[in-house]
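Student: dropping a prediction and its sequence here:
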Amino acid sequence: MGLPMAKCLRQAGFEVWGFDIRPVTEFSGFQDRMITDPTEFAARVDTVISVVRDWKQTQDLCFDDQGIFNVADHPKTLVVSSTLSPRILTPLKDRMTGAVEIVDAPMSGAPYRAENATLTFMVGGDEVVVGALMPAFRAMGEKVHHLGAGGAGLTCKVVNNFVASSSVVAVRRAIDAAGALGIQRETLLDIMRTSSGGTWFGDNFDDIDWAREGYDPLNTMGILEKDMMSFLDVMDAVSENDEGTFERAIIDNLCNMEALPK
């Protein structure tokens with residue numbers, strides 16, 4: 001997601017630099033803007049848009065393995081665009097050693113929409129700070145929703161991804177059932193697009209590059225598992241008696257999903 005987002009920002013006229021622990025050769029069309037040293041990257045940019053996988057990688061980037069906010073000349077704004085529980089914002093702020101504005105702005109839409117600058121952003125944070133970031137969000141997204149104070153964006157995103165993960169499980173199970181019942185996958189998906197079975201995942205199945213994946217902890221199905229755990233985490237904060245039986249069934253289904261043939 002980060003690479004097409006960076007390309008859209010650059011195309012819109014922003015000065016953009018990328019940082020990743022992976023080799024720069026993996027960032028086709030953006031290699032000349034990749035910085036491999038975290039200290040150099042921290043000094044070069046004022047605003048970091050973090051699109052790492054999870055809470056551990058967020059801590060590694062900010063404080064631990066790469067530690068871009070540990071150096072004296074660090075960025076002044078952090079935009080958290082990963083899908084995480086909003087409960088991470090408190091320890092994130094507590095670990096900052098200097099004045100840093102934190103905005104949560106997770107996005108939805110999959111890589112193909114990142115490439116087309118049609119993402120949907122759910123944003124939480126100070127109104128003035130978010131206002132200054134709006135041109136960047138609009139360069140990457142079609143819909144930008146400022147939902148309130150810090151945490152509002154992440155809260156909305158994990159709820160959204162609960163529904164999205166549910167639909168992934170439902171559509172993939174429907175495809176399995178269709179095969180067993182003699183219905184062509186393409187026929188089923190085409191009918192569902194114009195019927196009550198329509199979902200974002202099913203409607204865009206052929207455009208979503210990970211739609212046929214089986215579960216692997218490192219792929220998008222693994223990310224959906226992480227998103228469901230983030231949803232359970234935020235629900236634990238407001239409903240101690242909710243056992244999350246349905247949600248855990250979705251997680252089990254994701255973890256047992258096998259790849260589909262192309």
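Tutor: Structure received.

Student: contacts for the helix or strand hosting Thr187, please.
Tutor: Using DSSP states H and E, Thr187 sits within helix 185-193. Applying C-beta atoms under 8 Å, 6 or more residues apart in numbering, the contact partners of helix 185-193 are Val171, Ala174, Ile175, Ala178, Gly179, Gly197, Gly198, Thr199, Gly202, Asp203, Phe205, Asp206. Heads up, the C-betas are built off the backbone N, CA and C, glycines and all.

Student: try 10 Å
Tutor: Contacts to helix 185-193, defined as C-beta atoms under 10 Å, 6 or more residues apart in numbering, come from residues 171, 174-179, 181, 183-184, 195, 197-199, 201-206, 211, 260-261.

Student: that one - what's its average pLDDT?
Tutor: For helix 185-193, mean pLDDT is 97.

Student: after that helix, which helix or strand is next?
Tutor: helix 200-203.

Student: helices or strands up against that next one?
Tutor: If contacts are counted by 3 or more C-beta pairs under 10 Å, 6 or more residues apart in numbering; DSSP states H and E, helix 200-203 sits against helix 152-180, helix 185-193.

Student: which one of those lies nearest to Ala99?
Tutor: Nearest to Ala99 among the helices and strands packed on helix 200-203 is helix 152-180; the distance by C-beta to C-beta comes to 21.0 Å.

Student: the closest one: which residues count as buried?
Tutor: Neighbour-count burial for helix 152-180 flags 152-158, 160-162, 164-172, 174-175, 178 (criterion: 16 or more other C-beta atoms under 10 Å).

Student: export the worst-scoring helix or strand of the chain on mean pLDDT as PDB, just CAs?
Tutor: The weakest-scoring helix or strand in the chain, judged by mean pLDDT, DSSP states H and E, is helix 110-115 (a mean of 92). Taking Å, rounded to 0.1, in the frame of the first residue of the first chain, the C-alpha atoms of helix 110-115 are listed here in PDB:
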ATOM      1  CA  ALA A 110      -6.700  -2.400  -1.300                       C
ATOM      2  CA  PRO A 111      -3.600  -1.800  -3.500                       C
ATOM      3  CA  TYR A 112      -5.500  -1.300  -6.700                       C
ATOM      4  CA  ARG A 113      -7.300   1.700  -5.200                       C
ATOM      5  CA  ALA A 114      -4.100   3.000  -3.800                       C
ATOM      6  CA  GLU A 115      -2.700   3.000  -7.300                       C
END
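
Student: average pLDDT for whichever helix or strand comes after that helix, rounded please.
Tutor: Where DSSP H and E defines the elements, the next helix or strand beyond helix 110-115 is strand 119-124. The pLDDT scores in strand 119-124 average 98.

Student: and stretch 211-220, by the same measure?
Tutor: 96.

Student: how distant is it from the center of its chain?
Tutor: Taking C-alpha atoms, centre = their mean, to the nearest Å, the mean C-alpha location of stretch 211-220 is offset from the chain mean by 15 Å.

Student: cool, stretch 83-97 as well?
Tutor: With C-alpha atoms, centre = their mean, you get 16 Å for stretch 83-97.

Student: can you check stretch 97-117 too?
Tutor: That offset, for stretch 97-117, works out to 8 Å (C-alpha atoms, centre = their mean).

Student: give the buried residues for that stretch.
Tutor: For stretch 97-117, by 16+ other C-beta under 10 Å, it's 100-111, 113-115, 117.
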